[in-house]
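A.B. asks: What follows is a predicted protein model with its sequence.
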Amino acid sequence: MGRTYSPREMLEKLISFNTVSDRSNLDLIAFVEDYLAGWGVATQRVPDPTGEKAGLFTLIGPWTEGGAVLSAHTDVVPVAGQDWSRDPFTAWEDGGRLYGRGAADMKGFAATVLAKVPDFLNAGLRVPIHIALSYDEETGCDGARRIIPVMLEHAPRPAFVIVGEPTSMKVVTGHKGITVLRTRVTGHPVHSSQLHRGVSAISVAAKLVGWLDGKTAENRSKADPDCPFEPPYTTLHCGTIAGGQAHNITAQSCEFLTDIRMLPSESADQWRSAYRRFIDTEALPGMLEVSENCSVEVEELADVPALGDEDDGLAETLARRLTGDNARNVVVYATEGGLFQHHGLSTVVCGPGSIDQAHQPDEFIELSQLDRCAAFLDRLVDSLSHLTAEQV
């Protein structure tokens, strides 16, 4: 028999691993593997291309189709530059709250799920519970993008997915998608007194950023007042920009980053195509008239699909029954839920903690939220212990 942990004890342990996205998460993964092995639960590790990070998945219960995926990411955002009152990777309690990096986003859900493994094993499940732990969610969901196909290939197909991002245990049925683009503009440098002979990469970049802002304004003007998202339209935003060599030289290069956050009814492909058409018709021709060495390159850095409403979705139906939450809840941030849904799996987002605490200094989760999550999992296990694979 393996070691038992309460959800709080497990969360303290997970917080102790510094899994900021630019670091390895292998120590945490090894701990989870050893913990599950102590309970006789086999796992499959899914490494990233570098071998410095990995996700894992496992199945508890009968080797049959149906059942639930409980999904969480193991990476956290950086703490550098933030004003923490204590060590971010040593959990502490104060006033009914547990503090530490990842407490809310989203090691609280992972900890509660892992602490409940002994209960899962003793429940007499009629359909399985799958546990999926990913990496690099905070930088583009690359971990889930690799784990999901492997899980679907090597384990029975689950019926639905619960992604445990912090929603205060509300049932979230929709979120926006996101695509992140890097645009590199190459101009033709000349002395600024001979401006007519050159192409300023900065000026071209400004034109492109203006197009992005214009599209956001256009979307705002046409927004559906009944759309549940805030804001209720797709946004196109330039977050960073850099370029140029000197005040008296037309800039040879300029680079900027853009994120586009799309409604579920829209796709990254349509926005990338529209952006590329504007570049090819309104920016490049004039540049190439001056020099054939001018160019505009667009590189996709991340693409996370939106989570859309499902007609009679199993995940939503069951999650609402288990929580009693019948409100329409959507969020504007992206999650791995869109990737699971993209693979044809009914998906909702529902987990402990508040998104207001995510990424903040002195991040915390209310301990009562861990209790609510544990009770939710107890009710889920009870359902999966009485329903057949045909029912779930």
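C.D. replies: Nice, I can see it. Residues are numbered from 1 along each chain as shown.
A.B. asks: now residue 195: how far from residue 290?
C.D. replies: Distance of residue 195 to residue 290, given as C-beta to C-beta, to the nearest Å: 11 Å. For every residue, glycine as well, the C-beta is placed using N, CA and C.
A.B. asks: and if you look at residue 260?
C.D. replies: Taken as C-beta to C-beta, the span from residue 260 to residue 290 is 29 Å.
A.B. asks: the helices in this protein, which residues?
C.D. replies: 7-15, 26-38, 107-115, 117-121, 142-154, 201-221, 268-278, 284-290, 314-323, 337-342, 367-384 (DSSP state H).
A.B. asks: Need the residues that contact the shortest one.
C.D. replies: Taking C-beta atoms under 8 Å, 6 or more residues apart in numbering as the criterion, the residues outside helix 117-121 that touch it are 2, 4, 35-36, 39-41, 60-61, 129, 131, 377-378, 381.
A.B. asks: change it to 6 Å
C.D. replies: 39, 60, 129 (C-beta atoms under 6 Å, 6 or more residues apart in numbering).
A.B. asks: Please apply the same query to the fifth one.
C.D. replies: Residues outside helix 142-154 that contact it (C-beta under 6 Å, 6+ apart) are 46, 55, 57, 132, 134, 135, 136, 336, 339, 343.
A.B. asks: I'd like to know which of those residues are buried.
C.D. replies: Buried by 16 or more other C-beta atoms under 10 Å: 46, 55, 57, 132, 134, 135, 136, 336, 339, out of these.
A.B. asks: Please name the residues that touch residue 302.
C.D. replies: Applying C-beta under 6 Å, 6+ apart, we find residue 302 in contact with 140, 180.
A.B. asks: Mind listing the residues bridging to it?
C.D. replies: residue 180 (DSSP bridges).
A.B. asks: quick one: it from residue 75, how far?
C.D. replies: Computed as C-beta to C-beta, the residue 302 to residue 75 distance reads 14 Å.
A.B. asks: send the alpha carbons of stretch 54-73 over as PDB?
C.D. replies: This file holds the C-alpha atoms of stretch 54-73, laid out as PDB (Å, rounded to 0.1, in the frame of the first residue of the first chain):
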ATOM      1  CA  ALA A  54       7.400  15.300 -19.700                       C
ATOM      2  CA  GLY A  55       3.800  14.700 -19.200                       C
ATOM      3  CA  LEU A  56       2.100  11.500 -18.000                       C
ATOM      4  CA  PHE A  57      -1.200   9.800 -18.100                       C
ATOM      5  CA  THR A  58      -2.700   6.800 -16.400                       C
ATOM      6  CA  LEU A  59      -5.900   4.900 -16.100                       C
ATOM      7  CA  ILE A  60      -7.600   3.700 -12.900                       C
ATOM      8  CA  GLY A  61     -10.400   1.200 -13.200                       C
ATOM      9  CA  PRO A  62     -11.500  -1.200 -15.900                       C
ATOM     10  CA  TRP A  63      -9.700  -1.200 -19.200                       C
ATOM     11  CA  THR A  64     -12.800  -0.100 -21.100                       C
ATOM     12  CA  GLU A  65     -14.000   2.800 -23.200                       C
ATOM     13  CA  GLY A  66     -15.900   5.500 -21.400                       C
ATOM     14  CA  GLY A  67     -15.200   7.300 -18.200                       C
ATOM     15  CA  ALA A  68     -13.500  10.600 -17.300                       C
ATOM     16  CA  VAL A  69     -10.200  12.300 -18.000                       C
ATOM     17  CA  LEU A  70      -9.100  14.600 -15.100                       C
ATOM     18  CA  SER A  71      -6.600  16.900 -16.700                       C
ATOM     19  CA  ALA A  72      -4.100  19.400 -15.200                       C
ATOM     20  CA  HIS A  73      -0.900  21.100 -16.200                       C
END
